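[1] Provided below for reference: sequence and predicted model.
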Amino acid sequence: MGYCYIFGCIFFTVYGQLILKWRLSLRGAMPAEAAGKVLFLARAFLDPFILSGFAAAFVASLFWMAAMTKFDVSFAYPFMSLAFVAVLFLSAFFFHEPVTLGKVLGLVLICSGIIITVKL
């Protein structure tokens with residue numbers, strides 16, 4: 001069950017990141033002036049999808065708390081790197097962001113690090 005907590009944390013973290021990117025990209029660039037920034041963020045905060053992204057971050061923290069009752073943090077935390085993997089490929093799929101050789105090689109190193117950390 002402990003691994004379900006870790007993967008629940010990863011799932012809700014990734015969901016929150018993708019939702020925030022999606023909804024904020026629809027709003028355009030943040031204004032340069034301070035008053036414009038405040039108004040931009042206030043309007044964004046009222047978006048129900050953005051609120052769901054914040055709620056997902058909260059739910060992810062609940063899953064993380066549960067995971068901490070099952071594992072040492074030094075064992076569980078490397079799994080959070082899987083969020084990088086998911087975000088890279090899902091952002092390429094949904095937002096047509098580039099998947100470069102450098103990014104793929106970086107992910108290979110991250111995944112190798114997770115395997116080494118968990119197995120040794």
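    Nice, thanks for sending it over.
[2] what packs against the lengthiest helix in the chain?
    Longest helix in the chain by number of residues (criterion: DSSP state H): helix 2-27. Where contact means 3 or more Cβ pairs under 8 Å, 6 or more residues apart in numbering; DSSP states H and E, helix 2-27 is packed against helix 34-45, helix 48-68, helix 82-95. Any C-beta I mention is one placed from the backbone N, CA and C, and that applies to glycine too.
[3] Could you list the buried residues of the following helix or strand past the longest one?
    To tie it back to what came earlier, the one meant is helix 48-68. Downstream of helix 48-68, the first helix or strand assigned by DSSP states H and E is helix 73-76. Of all the residues in helix 73-76, those buried under the rule 16 or more other Cβ atoms under 10 Å are Ala76.
[4] Any chance you could list what contacts helix 73-76?
    Residues from elsewhere that reach helix 73-76 (Cβ atoms under 8 Å, 6 or more residues apart in numbering): Ile6, Ala67, Met68, Lys70, Thr117, Val118.
[5] What remains of these if I keep only buried residues?
    Buried members of the contacts of helix 73-76, scored by 16+ other Cβ under 10 Å, are Ile6, Ala67.
[6] Lowest-confidence one in the contacts of helix 73-76?
    Across the set of those, Val118 stands lowest in pLDDT, at 77.
[7] host element of it?
    Here Val118, judged by DSSP H and E, is contained in helix 101-119.
[8] Let me know the angle separating that helix from helix 82-95.
    Angle of helix 101-119 versus helix 82-95, following axes from the mean of the first three to the mean of the last three Cα atoms, to 10 degrees, is 150 degrees.
[9] which other residues reach helix 101-119?
    By Cβ under 8 Å, 6+ apart, helix 101-119 touches Phe75, Pro78, Phe79, Ser81, Leu82, Phe84, Val85, Leu88.
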